[in-house]
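Asker: Predicted model follows, preceded by the sequence.
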There are 2 protein chains.
Amino acid sequence: MLNPDHHLRPGSAGEVLSPYLHARAADFLRSLRHHTECGADTAGAEEATRGLRAAARRISGTLHTFRPLLDPAWADQLRAELAWLSGTLAAEHACTSRLVRLVDALGRLSGGTATVPAPRSGGSGSQAMAVGAARAGALLERQLTLARTRAHSAALQALGSSRFHAVADAVALLASEVPLGPAAAAPAREVLGPQAEAVERRLLDAVAALPMAPAVGGEQLDGPWHQVRLLLRLHRYAGEVRGAEPRLYEAGRALDRHRDAAEAATAAATAARTPRIAPATAYALGVLHADQRHDVEAARHAFQRAWRRTAVTT
Amino acid sequence: MLNPDHHLRPGSAGEVLSPYLHARAADFLRSLRHHTECGADTAGAEEATRGLRAAARRISGTLHTFRPLLDPAWADQLRAELAWLSGTLAAEHACTSRLVRLVDALGRLSGGTATVPAPRSGGSGSQAMAVGAARAGALLERQLTLARTRAHSAALQALGSSRFHAVADAVALLASEVPLGPAAAAPAREVLGPQAEAVERRLLDAVAALPMAPAVGGEQLDGPWHQVRLLLRLHRYAGEVRGAEPRLYEAGRALDRHRDAAEAATAAATAARTPRIAPATAYALGVLHADQRHDVEAARHAFQRAWRRTAVTT
C-alpha cells in the first residue's frame, strides 16, 4: 500500500496506523461513489450507506483510541463530524429493521405462526391478542414509516450539504495523508499496545459493572449495556488496526440484538401513548413491549455466555 | 392401625391399600372437624380447607390408580363427588393467590421494586407502564375480589349441602372400612406394582409428548402441560400408598407454578376485555399478560431441568 505520510520510521506506530486509516478512508470514498451512482436503485443505495457507516465508524473509533498518536484537534473535529454523519445515515435503516422486528413479533405473539391443532374456547390470551394485533401493527407501520420517510429525507439532505462535503474532503485527504502527532514516531509495539489496552480495560470495567435489572421495569438501566456495545466495537476496531484476530463477534451480535430489542420495546411503548387508540390496540402493544423486553433479557444472557466463552484477558 | 376390613390376607394388596385410605379418610375428617371449630378464624379455616383438599386429592387419586382392586362402582361414585368438592373448595384460594401474583408482578413491571439510580427521560417503557399499572391493579383487584367472594359463598354453601354430608359420610365409612374387590386379596407386590406402573407409563408418555409452543401465542397448547401436572400428582400418591420415597417434588412445584402463571395470564387477558377501560390500563394488562406467559415458559424450563435430574425410569 502506498504510504505518503512523511518520515514514517520503519516499525513506528504511524507505519501501522496510517495504512489502516488510508484503507478505511478509501472504503468510505468507494461507498460514497457507489451511492452517487446508485440513483433510484434502493438496494444499492442501502448497501452503499452501510459501507459509508462502517467506514465512518472505523475511522472514528481509530481516531478515538489512538488520539494521542494523532493531531488531537484534527482528530476531535473529524470524529464529531463522522458521528453526526453516522447518526444521520443510521436512522432510516433503524426504522426499517425496527418495523420488521415488531411486525414479525406481533405475528408470532398473536399465534399467527403457531400451528394450532385444537383451539380451545375460553379466555385465552391469544384471542384478546388477535383483536388488537392487527391494529397495533397498522399503527406501528404508520408511525415507523413516517419516521423512516423523515429519516430518508434527512439523510439525502445531509449528503447534499456543504457540511457533508467538508467531511468527504477531510476523508479524501485521510486516504493519502494521516495527520500524525510526534508520538506516532515511537515503535508500534511500545505505543499502540497501551492505547488498545486502555480501551480493553474500559471494556472490562464496564462489563464487570453491568447492572442486572428486571427486563420489564428496569428499562432505565439499559444505558450501561449500550455503553458496553460501543466499547466492544472500539475494542474490535483497535484489534483490526493491529491485525489481531477478530474475537468476541458473538458477544457483539448479542449486544446489537439487545439494542434492537430495547429500541423496538420503546417504539411499542411510544405507540401505546398515541391518543385515542382502542384498548385492544394498547393491550397488544403492552404484550409486544414485554415480549421485546424479554428479548432484551435473552440478549443479555447470550452476551454473558459469549463473553465467558471468549472473554478478554488482560 | 386398626384395620377392620374383612379377610385381609397377610401380604395382600388390600393390606397395603386399606391403611393408606383409612389414614387419608381420617385426615379428611380431622380437617372437617377443624373447619367446623374455626368459626370466624379465617386463617384456621383456610388451613382446614387445605387439609380437606389434600386428603380428598389423595383419596381420589388412590381410587383412580387402584380402581381394579376396589369396588369399581363405589370408587367411581366417590371420586366424582370428591372432584366436585375439591374444585369447589379450591376456587377461593386460587383467586387469592392469583390476585397476589398479579399485583406483585404489576409492582415489579412498573419498576416499583427496581432501585433506579438515575432515571433517564425519553420514551421508556416504564413510564407508559406506570400510567396504567395502578389502574390495572385496581381493576384486577375488583374482578378477582368479586370472584373470590363468590367462590367463598359457593364453598360455604357446598359444605352445608346434603351432597357434602353424603361425601363426609362416605369418607367416614372409608376411615374404618374400604370396599375392596376380589383382586385386593392377591399379593401386594403382584398387583400394586402394575397399577402404579400404568400411571407411571402414562406420565412418561405424556411428558414425551409435551408440545413446545411459544410462551405468548401458544396459549392453546397449555393443556398437555396441565395434564402432566395431574399425572405427576397421581404418580406421587401411588408412591405414597406403596411407601416409596417421594421424588419429583421440584418437577411438581414447577408445574404448579406453570399452572398459576397460565391462569394469572388468562386473568390479565380477561380483564383487558372489560368494556370501556383506558388504553393505558389495557397496555399494562398486555405487559402483565406477556410477563406471566414468560413465567409459564420459565416454569416449563424448570420442569424440564428437574425432570431430567430426577427422571422416572421404568
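Answerer: Everything's here; your move. Numbering: from 1, shown residues only, chains lettered A, B, ... in the order given.
Asker: The helix or strand hosting A:R108: how far from the chain's middle?
Answerer: Assigned by DSSP states H and E, A:R108 falls within helix A:72-109. For helix A:72-109, the separation from the chain centroid amounts to 6 Å (computed by Cα atoms, centre = their mean, to the nearest Å).
Asker: what's it packed up against?
Answerer: Using 3 or more Cβ pairs under 8 Å, 6 or more residues apart in numbering or on different chains; DSSP states H and E, the elements in contact with helix A:72-109 are helix A:42-65, helix A:125-159, helix A:162-174, helix A:249-272, helix A:279-309. All C-beta atoms are positioned from the backbone trio N, CA, C, and that covers glycine.
Asker: for those helices, which one sits closest to B:A45?
Answerer: Nearest of the helices and strands packed on helix A:72-109 to B:A45, taken as Cβ to Cβ: helix A:125-159 at 33.3 Å.
Asker: Could you quantify the relative orientation of that closest one and helix A:72-109 as an angle?
Answerer: Using axes from the mean of the first three to the mean of the last three Cα atoms, to 10 degrees, the direction of helix A:125-159 lies 150 degrees away from that of helix A:72-109.
Asker: who does helix A:125-159 touch, helix- and strand-wise?
Answerer: Using 3+ Cβ pairs under 8 Å, 6+ apart as the test, helix A:125-159 ends up in contact with helix A:72-109, helix A:249-272, helix A:279-309, helix B:249-272, helix B:279-309.
Asker: and the residue of the stretch 201-314 of chain A found nearest chain B, how many neighbours does it have?
Answerer: In the stretch 201-314 of chain A, the residue that lies nearest chain B is A:G286 (2.4 Å; Cβ to the nearest Cβ). Number of residues near A:G286 (other Cβ atoms under 10 Å in any protein chain shown) recorded here: 37.
Asker: dump the residue contacts of it.
Answerer: Counting by Cβ atoms under 8 Å, 6 or more residues apart in numbering or on different chains, A:G286 makes contact with A:268, A:272, B:129, B:132, B:282-290.
Asker: same thing but at 10 Å, please
Answerer: Taking Cβ atoms under 10 Å, 6 or more residues apart in numbering or on different chains, we find A:G286 in contact with A:132, A:136, A:216, A:268-269, A:272, B:109, B:125, B:128-129, B:132, B:136, B:268, B:272, B:279-291.
Asker: same question, A:A267
Answerer: Counting by Cβ under 10 Å, 6+ apart, A:A267 makes contact with A:94-95, A:98-99, A:101-102, A:140, A:143-144, A:147, A:285, A:288-289, A:292, B:123, B:125.
Asker: May I ask which of those comes out lowest in pLDDT?
Answerer: By pLDDT, B:G123 ranks lowest within these, coming in at 47.
Asker: ok, A:D256 touching A:R229?
Answerer: Yes - the pair A:D256 / A:R229 is scored as a contact, 7.0 Å apart, by Cβ atoms under 10 Å.
Asker: Now for these two: what residues contact both?
Answerer: A:F303.
Asker: Of these two, which one has the most company?
Answerer: Between A:D256 and A:R229, counted using other Cβ under 10 Å, the more crowded position is A:R229 (18 against 15).
Asker: Restricting to C-alpha, output the strand or helix carrying that one in PDB.
Answerer: Taking DSSP H and E as the definition, A:R229 sits inside helix A:223-241. Extracted C-alpha coordinates of helix A:223-241, given in PDB (Å, rounded to 0.1, in the frame of the first residue of the first chain):
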ATOM      1  CA  GLY A 223     -27.600   2.600  29.400                       C
ATOM      2  CA  PRO A 224     -24.600   0.600  30.600                       C
ATOM      3  CA  TRP A 225     -25.400  -2.200  28.200                       C
ATOM      4  CA  HIS A 226     -25.500   0.100  25.300                       C
ATOM      5  CA  GLN A 227     -22.200   1.600  26.500                       C
ATOM      6  CA  VAL A 228     -20.600  -1.900  26.500                       C
ATOM      7  CA  ARG A 229     -21.800  -2.400  23.000                       C
ATOM      8  CA  LEU A 230     -19.900   0.800  21.900                       C
ATOM      9  CA  LEU A 231     -16.800  -0.200  23.900                       C
ATOM     10  CA  LEU A 232     -16.800  -3.700  22.400                       C
ATOM     11  CA  ARG A 233     -16.800  -2.100  18.900                       C
ATOM     12  CA  LEU A 234     -13.900   0.200  19.800                       C
ATOM     13  CA  HIS A 235     -12.000  -2.800  21.100                       C
ATOM     14  CA  ARG A 236     -12.700  -4.600  17.900                       C
ATOM     15  CA  TYR A 237     -11.500  -1.800  15.700                       C
ATOM     16  CA  ALA A 238      -8.400  -1.300  17.800                       C
ATOM     17  CA  GLY A 239      -7.700  -5.000  17.200                       C
ATOM     18  CA  GLU A 240      -8.200  -4.500  13.400                       C
ATOM     19  CA  VAL A 241      -5.600  -1.700  13.400                       C
END
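Asker: Tell me what angle it forms with helix A:279-309.
Answerer: Helix A:223-241 runs at 50 degrees relative to helix A:279-309, counting by the same axes, to 10 degrees.
Asker: one step back: deepest-packed of the helices and strands packed on helix A:72-109, please.
Answerer: helix A:279-309 (a mean of 24; mean count of other Cβ atoms under 10 Å in any protein chain shown).
Asker: The one helix or strand in chain A whose mean pLDDT sits lowest vs helix A:249-272, what angle?
Answerer: Taking mean pLDDT, DSSP states H and E as the measure, the helix or strand of chain A with the lowest value is helix A:125-159, at a mean of 90. For helix A:125-159 and helix A:249-272, the angle between their directions (the same axes, to 10 degrees) works out to 100 degrees.
Asker: Now do helix A:125-159 against helix A:162-174, angle only.
Answerer: Going by the same axes, to 10 degrees, helix A:125-159 makes 70 degrees with helix A:162-174.
Asker: Helix A:125-159: how far from the chain's middle?
Answerer: For helix A:125-159, the distance to the chain centre is 20 Å (Cα atoms, centre = their mean).
Asker: cool, and stretch A:199-217?
Answerer: So, by Cα atoms, centre = their mean, the centroid of stretch A:199-217 is 17 Å from its chain's centroid.
Asker: In that stretch, which residues are buried?
Answerer: Residues A:199-200, A:203-204, A:206-207, A:210, A:213-217 are the ones in stretch A:199-217 that count as buried (16 or more other Cβ atoms under 10 Å in any protein chain shown).
Asker: Among these, which ones are in strands?
Answerer: Here DSSP state E is the test, and those give no hits in strands at all.
Asker: ok, which of the residues you listed also contact chain B?
Answerer: By Cβ under 10 Å from any Cβ of the partner chain, the members of the buried residues of stretch A:199-217 lying near chain B are A:213-217.
Asker: Taking the residues you listed together, which two end up most distant?
Answerer: A:A213 and A:V216 (9.7 Å).
Asker: Quick check: the gap between the closest residue in space to A:W74 that isn't next to it in sequence and A:L78.
Answerer: Nearest non-adjacent residue to A:W74, counting by Cβ to Cβ, 6 or more residues apart in numbering or on different chains: A:P179, 4.8 Å away. A:P179 sits 9 Å away from A:L78 when distances are taken as Cβ to Cβ, to the nearest Å.
Asker: Pick out whichever of those two has more residues nearby.
Answerer: Neighbours per residue (other Cβ under 10 Å) separate A:P179 from A:L78, with A:L78 holding more: 23 against 17.
Asker: and the helix holding A:R229 with helix A:42-65, angle?
Answerer: Here helix A:223-241 runs at an angle of 90 degrees relative to helix A:42-65 (the same axes, to 10 degrees).
Asker: which ones are touching A:T65?
Answerer: When contacts are counted by Cβ under 10 Å, 6+ apart, A:T65 is found next to A:17, A:192, A:195-196, A:198-199, A:234-235, A:237-238, A:241.
Asker: and if we set it to 6 Å?
Answerer: Under the criterion of Cβ atoms under 6 Å, 6 or more residues apart in numbering or on different chains, the contact partners of A:T65 comprise A:195, A:199, A:234, A:238.
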